[in-house]
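Q: build me a model from this:
(2 chains)
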Protein chains: 2
Amino acid sequence: MKFRRSGRLVDLTNYMLTHPHVLVPLTFFSERYESAKSSISEDLAIIKQTFEQQGIGTLLTVPGAAGGVKYIPRISADEAKRYVHKLGESLANAERVLPGGYLYFTDILGKPSILSTAGKIFASAFSAREIDVVMTVATKGIPLAYAVASYLDVPVVIVRKDNKVTEGSTVSINYASGSSNRIQTMSLAKRSLKTGSKVLIIDDFMKAGGTINGMINLLDEFNATVAGIGVLVEAEEVNERLVDEYMSLLTLSAINLKEKAVEIRDGNYMSFL
Amino acid sequence: MKFRRSGRLVDLTNYMLTHPHVLVPLTFFSERYESAKSSISEDLAIIKQTFEQQGIGTLLTVPGAAGGVKYIPRISADEAKRYVHKLGESLANAERVLPGGYLYFTDILGKPSILSTAGKIFASAFSAREIDVVMTVATKGIPLAYAVASYLDVPVVIVRKDNKVTEGSTVSINYASGSSNRIQTMSLAKRSLKTGSKVLIIDDFMKAGGTINGMINLLDEFNATVAGIGVLVEAEEVNERLVDEYMSLLTLSAINLKEKAVEIRDGNYMSFL
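A: Sure, this is the predicted structure:
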């Protein structure tokens, strides 16, 4: 189908945005648009410039016969900061305090318009690492993990705390939940993770890190390795953190049950961007 | 910031794609690009034409002071068919047959590149209905529900089969799982669904429909209503279907355990597109 440059720019932009981290050969586009590669290169230069200027990401050009162009989603430090501060404000709300001193933010963990940006921040921070899959534990962190995985174009693998017949054989481990020190079991379908995979662990909340530590132990069983760890919110008051390097967007400093006050600070994300 | 038309087209395309179903006033864009509304209108006409021609979706223009432009994701019947057939082929694989005659497709339920298109098909089919939230039940259907919700720009609400302290008060119901007729409990946090919400129910698999029927009963407790039901795969051999109107992409006709053969047919989605 013949395209004018303007139409080509629109379609190319959509194509790149919906295929992050995928190397697309220029011949694919020159056939798609029945246009010379030189015209496609000009289009891509415009898109790259706009993506960078607008903080959408960048286009990486790989020269040579096996080359092509790849969209790397990126977020600017400024936009990340603005987003995290806004998110922090909406979490620091007395109405979110639940009995037992828990903070309710399940609503936020279901909103695509909010999660998508969080996903982009994590994908941006870990974009230079080799990542085969994003792993999370059921249930609440799944949409966030999916948002991250969308920007990295890798699958999500879900660790479960129960066992389902529709999973086939599973590998299970016991772990001590850091906060309660209760022994729990988590399991992963054997089929769902290839031996030697490089895994980005994503979760909505981390206290001592028992659950994430459990996932790391589970990875050992698959000879898989940790490529990175990202949590939306970490709790500050922890005696002993079980996890070393991790990235967090927000830190929950304190919940005052009596006054129902919530104190939220920035996480350590800036050192990753 | 001043933009040339080409850069404006790229940024506008990104903006519309990342804000589906949101009405954006033209003044927002004329300020963003320091350009006359007439230029913006010309840009939007080019984007609309390309989106429609390429099966990306459409732009809806609402005239008047409270007006603006809205991106409605749509997929062409042809592309939906191609996608469903390819998905069907990858499911009809003897290696997917699990003991007990179950079909393993958890891998597919974690791949953003696959789920995104499925999400677009459901969002496209239900785009004319009023939808406040997408609801699913933990665990496997969550990424699919999130993919649908992303294209509709509504939150995902997750019904759980366990109870978490971090959810606050919950409403629980008992339901009979259609396949085993076992009585189970599902619950939803009170805070997570507003009274009177219009709900699109999304799940990965439906046999008799007991789980989905349970979700419908749960909606009653919130005075919420069903806006639609979508499942990725439905099972064919069912004596009595508990759910009336639903949309499915694929039908699992038969699993031959002895020969490990899987028979997959088209679901009823074409009547929704």
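
Q: what bridges to A:I229?
A: A:I201 (DSSP bridges).

Q: hmm, A:V171 and A:L188 touching each other?
A: Yes: counting by CB atoms under 8 Å, A:V171 is a contact partner of A:L188 at 5.7 Å. Using the backbone N, CA and C atoms, a C-beta is placed for each residue, glycine as well.

Q: A:G7 and A:M186, how far apart?
A: To A:M186, A:G7 is 50 Å away according to CB to CB, to the nearest Å.

Q: same check on A:A227?
A: 19 Å.

Q: which helix in chain A has the most residues?
A: When chain A is parsed with DSSP state H, its longest helix is helix A:37-53.

Q: contacting residues around that helix?
A: Residues outside helix A:37-53 that contact it (CB atoms under 8 Å, 6 or more residues apart in numbering or on different chains) are A:5, A:8-9, A:12-13, A:16, A:26-27, A:29-30, A:33, A:56-59, A:61, A:69, A:71, B:1, B:6-7, B:10-11, B:14.

Q: so of those residues, which ones are in strands?
A: Under the assignment DSSP state E, the contacts of helix A:37-53 contribute A:57-59, A:61, A:69, A:71 to strands.

Q: can you redo the residues you listed as CSV with distance to A:A94, neighbour count and pLDDT?
A: Converted to CSV, these look like this (distance: CB to CB, whole Å; neighbours: other CB atoms under 10 Å in any protein chain shown; pLDDT from 0 to 100):
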residue, distance to A:A94, neighbour count, pLDDT
A:G57, 37, 23, 97
A:T58, 41, 16, 97
A:L59, 45, 19, 98
A:T61, 51, 15, 94
A:V69, 49, 22, 98
A:Y71, 42, 27, 98
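
Q: report the beta-bridge partners for the nearest residue to A:E234 once chain neighbours are set aside.
A: Nearest residue to A:E234, sequence neighbours excluded (CB to CB, 6 or more residues apart in numbering or on different chains): A:S248, at 4.1 Å. Assessed by DSSP bridges, A:S248 has beta-bridge partners A:V231.

Q: is A:S248 in contact with A:A235, as I believe?
A: No: applying CB under 8 Å as the test, A:S248 and A:A235 come out as separate, 9.7 Å apart.

Q: overlap in contacts, those two.
A: By CB under 8 Å, 6+ apart, the residues touching both A:S248 and A:A235 are A:M206.

Q: how about low-confidence regions in chain A?
A: Across chain A, the ranges flagged by pLDDT under 70 are A:1, A:165, A:178-180.

Q: what about the closest residue to A:Y175 other than its chain neighbours, distance to A:L188?
A: Distances taken as CB to CB, 6+ apart place A:G214 nearest to A:Y175, at 3.1 Å, with adjacent residues excluded. Per CB to CB, A:G214 is found 11 Å from A:L188.

Q: try A:T58
A: For A:T58 relative to A:L188 (CB to CB), the value is 34 Å.

Q: do the same with A:S35
A: Here A:S35 is placed at a distance of 46 Å from A:L188 (CB to CB).

Q: these two: who's more crowded?
A: A:L188 (24 against 18; other CB atoms under 10 Å in any protein chain shown).

Q: that one belongs to a strand?
A: Yes: counting by DSSP: H, G, I helix; E, B strand; the rest coil, A:L188 is part of a strand.

Q: so what's the residue lying closest to it once chain neighbours are set aside bridging to?
A: Distance criterion CB to CB, 6+ apart; nearest residue to A:L188, sequence neighbours excluded, is A:V159 at 5.1 Å. Beta-bridge partners of A:V159, counted by DSSP bridges, are A:V137.

Q: so what's A:V159 up against?
A: Listed by CB under 8 Å, 6+ apart, the contact partners of A:V159 are A:135-138, A:186-188, A:215, A:218.

Q: then A:E263?
A: Here A:E263 is in contact with A:92, A:252-256 (criterion: CB under 8 Å, 6+ apart).

Q: so it bridges to which residues?
A: A:A254.

Q: where's it relative to A:Y104, distance?
A: Distance from A:E263 to A:Y104, counting by CB to CB: 16 Å.

Q: what do you get for A:V62?
A: A:V62 is 46 Å from A:Y104, by CB to CB.

Q: give me the more crowded residue out of those two.
A: Applying other CB under 10 Å to A:V62 and A:Y104 shows that A:Y104 carries more neighbours, namely 18 against 11.

Q: isn't that one right up against A:A94?
A: No: using CB under 8 Å, A:Y104 is not in contact with A:A94, being 11.1 Å away.

Q: domain ranges for chain A, per the record?
A: Per automatic domain parsing, the structural domains of chain A span A:5-73, A:77-271.

Q: closest to B:V231 out of those?
A: The closest of those to B:V231 is domain A:77-271. By CB to CB, the value is 14.3 Å.

Q: measure the closest one end to end?
A: From its first residue to its last, domain A:77-271 covers 10 Å (CA to CA, to the nearest Å).

Q: now that domain, how far from the chain's geometric center?
A: The chain centroid and the centroid of domain A:77-271 are separated by 9 Å under CA atoms, centre = their mean, to the nearest Å.

Q: what does stretch A:64-83 give?
A: What separates the centre of stretch A:64-83 from the centre of its chain is 14 Å, taken as CA atoms, centre = their mean.

Q: how about stretch A:16-29?
A: The chain centre lies 21 Å from the centre of stretch A:16-29; the measure is CA atoms, centre = their mean.

Q: tell me if it is near chain B.
A: Yes: residues of stretch A:16-29 contacting chain B under CB under 8 Å from any CB of the partner chain: A:17-19.

Q: mind putting these into CSV with neighbour count?
A: Below are those laid out as CSV (neighbours: other CB atoms under 10 Å in any protein chain shown):
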residue, neighbour count
A:L17, 19
A:T18, 18
A:H19, 14
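
Q: closest to B:A123 among those?
A: Taking the residues of stretch A:16-29 next to chain B together and measuring to B:A123 by CB to CB, the closest member is A:T18, at 14.2 Å.

Q: mind listing what the nearest residue to that closest one once chain neighbours are set aside touches?
A: Counting by CB to CB, 6+ apart, B:S116 is the residue found nearest to A:T18 once chain neighbours are left out, at 7.2 Å. Neighbour list for B:S116: A:18, A:150, B:147, B:150 [criterion: CB under 8 Å, 6+ apart].

Q: element containing the third one, please.
A: I take that to be B:A147. helix B:142-152 (DSSP states H and E).

Q: only alpha carbons, please: show that helix as CSV.
A: What follows is helix B:142-152, C-alpha atoms only, in CSV (Å, rounded to 0.1, in the frame of the first residue of the first chain):
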residue,chain,number,x,y,z
ILE,B,142,-5.3,-11.1,35.4
PRO,B,143,-2.9,-10.2,32.6
LEU,B,144,-5.6,-10.6,30.0
ALA,B,145,-8.0,-8.5,32.0
TYR,B,146,-5.3,-5.9,32.3
ALA,B,147,-4.8,-5.9,28.6
VAL,B,148,-8.5,-5.3,27.9
ALA,B,149,-8.7,-2.6,30.6
SER,B,150,-5.7,-0.8,29.1
TYR,B,151,-7.5,-0.4,25.8
LEU,B,152,-10.7,0.8,27.6
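
Q: now it against strand B:57-62, angle please.
A: Relative orientation of helix B:142-152 and strand B:57-62, computed by axes from the mean of the first three to the mean of the last three CA atoms, to 10 degrees: 40 degrees.

Q: got a list of contacts for helix B:142-152?
A: If you take CB under 8 Å, 6+ apart as the criterion, helix B:142-152 is touched by A:110, A:112, A:115-116, A:139, A:142-143, A:146-147, A:156, B:20-21, B:73, B:109-110, B:112, B:115-116, B:118-120, B:122-124, B:126-127, B:131, B:133-136, B:155-156, B:158, B:200, B:202-204, B:230, B:232.
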